[in-house]
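Peer 1: Make a model of this:
(chains A and B)
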Amino acid sequence: MIRYILKRLLYMIPTILLTSLLIFWAMDLTGGDPVQTILPENATVEQQEALRESMGLNDPFFVRYFRYMGGIVTGDMGESYVTKLDVFGTFMNRLPMTLALGGTALIISVIISIPLGIWTAINQNTWKDTLGMVLALFGVSMPNFWLGLMLMLLFSLQLHWLPSGGSDGIQYLVLPALTVGLGLAALITRTTRSAMLDVIRQDYITTAKAKGASRHRVLYTHALRNAMIPIVTAVGMQFSLVMTGSALAETVFSWPGIGLLIVQSIAKRDTPMVTGSIILCCILMALINLLVDIIYAYCDPRIKAQYSRKG
Amino acid sequence: MENTNKTGNIRQFKGRSLGQETWRRLLKNRGAVVGMIFMVLLVIVAILAEFIYNYDTDIVAQNSKAIFASPSAAHIFGTDQFGRDIFARILYGARYSLLIGVGSVAFGLVVGMILGALAGFYGGVIDNLVMRANDILYAIPNIMIAVVIVSLLGTTPFSLLLALSISAASSFARIVRAAVMQIRGQEYIESAYAMGLPTWKVILKHIIPNCLSPIIVQVTLAIGSNIIAASSLSFLGVGVAPPMPEWGAMLSDGRPYIRSAPWLCIFPGLAIMVTVLALNLMGDGLRDALDPKLKK
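Peer 2: Numbering: from 1, shown residues only, chains lettered A, B, ... in the order given. Modelled structure (predicted):
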């Protein structure tokens, strides 16, 4: 298992290098001239040239790229054109807000979707199944940010129950987390239902029933445990969706996380902030995906066996 | 199939092809039929909008006399902050959403199918290369890919289409690869070889048609999810820019006025939802029709 984790970590290095190279290159091409952004308009050509030299902008592309990547290791990714704050520090300051939002959303989605998925599966082809599936279908067909806007319209602008934006307490988290969570719940409900339906038809379920196991025991001990594998995969695969959803919900509800940071930095053409945040996001995603794979391997003995064979 | 009747004439029994059989089953699915009808109507509307409305005078021109009119008989979806009729803009905007959704999936399908088929069929180095590239794309949230591409090429419908087709290509490559790997070992492929068919013909005539079902289903669902993704990106300001009546851009435009004029946000979102719902109904229907095992 440890060898597997190490191997996966090693695999991550070229992925991260290549990804960041692409992003750095694209941003380098389009970011505009930082010297003109930083210096006042009446600066002389000599002043511009001096700043360009001191910032190392005259160096070849790869020299600048590797200097930048070296900076990531030490947490130095330059400073924002707009706020003059350290990019790495700003990102790390905002990260807990996004993690709180994403985490809460994930919990909400699991609490709703797994019971609903099981309920629709055991009531297959009845009105209960239809109701659950219609709800889930609406959920996956709805743009998430629009759901957010509609929740805001209903709960904060009409009913005045919850604030429409900001981050001064737990009540501010409710609507953005519901927005992301409900969207995810729709997806996971559909997966849970089909996973349960697959399992329920297996012979060992018939055997368990024939042995006289109670309905509850058959459902939760025999069926759900085996259905969990595709469900866990589905949940694990949603992390990039959680990220995207959070960016949208953060924009709708002015929740000061990474998504809002990136969106605002793009609008202000703050290139170092955009480049740095996107590269850090990709590293974060790679780490989360690795973590999911490890948990997955740990849960499913078949996968664990595969790894120990291949080493 | 042949049968001889009493008079001794040979009577032909016509079998139904897989396509006909699927179509018949699809027509029995009420949701799928509703979805199909809606999509046909939407395509007609998207094509005809150009003849009904003039882009310069009806869609982007400002009309200071009718600012923020609430929904009424004259403007059934109301008007926006520039006095533009929202219903007209939504009808006209259908073409952007459809074009971006269908275009990105078509482009992604071609690229993904070629890469996936090569990777699945040959394995080895090609497979490794394709799958590693896929892993990299998988690690980057779609939204980030789009941000990078749109910042390279500008906020036009085309750059949005390209950005979305990249992630579509990666998911199609994965599906086709898995399907090809499964089919590659079947006996009928071996016999196709034994008959002396060249490899490209085996792939084109025998392998691709046999992994069409998951692809058809995925195409329908991917068009829907790309329409949502396109509108999300426009909403964040990295997609189609106003004043183009793209649905996401309209939502982003209307957001500051949600308190006083909520119809600016309600209707474009409903348009997206109903369109994607229709596509999802079709996709679910197709999946059931193509794979009757799932039904019972």
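Peer 1: ok, the nearest residue to A:Y65 once chain neighbours are set aside to B:L279 distance?
Peer 2: Closest residue to A:Y65 apart from its sequence neighbours, by C-beta to C-beta, 6 or more residues apart in numbering or on different chains: A:F24 at 5.4 Å. For glycine as for every other residue, the C-beta is placed from the backbone atoms N, C-alpha and C. Distance, A:F24 to B:L279, using C-beta to C-beta, to the nearest Å: 37 Å.
Peer 1: Over to the closest residue to chain B within chain A. Which of the three states is it?
Peer 2: Minimum separation of chain A from chain B (C-beta to the nearest C-beta) falls at A:W146, amounting to 3.4 Å. The three-state label given to A:W146 by DSSP: H, G, I helix; E, B strand; the rest coil is helix.
Peer 1: Would you enumerate the residues in contact with it?
Peer 2: B:L251, B:C265, B:G269, B:I272, B:M273 (C-beta atoms under 8 Å, 6 or more residues apart in numbering or on different chains).
Peer 1: same deal with A:G56?
Peer 2: A:G56 neighbours (C-beta under 8 Å, 6+ apart): A:V63, A:R64, A:R67.
Peer 1: Throw together a ChimeraX command that grabs the buried residues out of these.
Peer 2: ChimeraX command restricting these to the buried ones, with burial defined by 16 or more other C-beta atoms under 10 Å in any protein chain shown:
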select /A:64
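Peer 1: how about CSV for the contacts of A:G56, with secondary structure added?
Peer 2: Converted to CSV, the contacts of A:G56 look like this (three-state DSSP):
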residue, secondary structure
A:V63, helix
A:R64, helix
A:R67, helix
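Peer 1: got a markdown table for the contacts of A:G56, with distance to chain B and pLDDT too?
Peer 2: Putting those into a markdown table (distance: C-beta to the nearest C-beta, whole Å; pLDDT from 0 to 100) gives the following:
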| residue | distance to chain B | pLDDT |
| --- | --- | --- |
| A:V63 | 22 | 85 |
| A:R64 | 17 | 84 |
| A:R67 | 21 | 84 |
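Peer 1: What pLDDT does the model give the most centrally placed residue in chain A?
Peer 2: Central residue of chain A (C-alpha atoms, centre = their mean): A:M243, 2.6 Å from the mean position. Listed pLDDT for A:M243 reads 80.
Peer 1: any idea which element it lies in?
Peer 2: Using DSSP states H and E, A:M243 maps to helix A:239-253.
Peer 1: need the next SSE after that helix, C-terminal direction.
Peer 2: Downstream of helix A:239-253, the first helix or strand assigned by DSSP H and E is helix A:258-267.
Peer 1: So what touches that following helix?
Peer 2: A:80, A:82, A:90-91, A:94-95, A:97-98, A:243, A:246-251, A:254, A:273-274, A:277-278, A:281, B:147, B:151, B:236-238.
Peer 1: Now that helix: buried residues?
Peer 2: Here helix A:258-267 shows A:I258, A:G259, A:L260, A:L261, A:I262, A:V263, A:Q264, A:S265, A:I266 as buried, counting by 16+ other C-beta under 10 Å.
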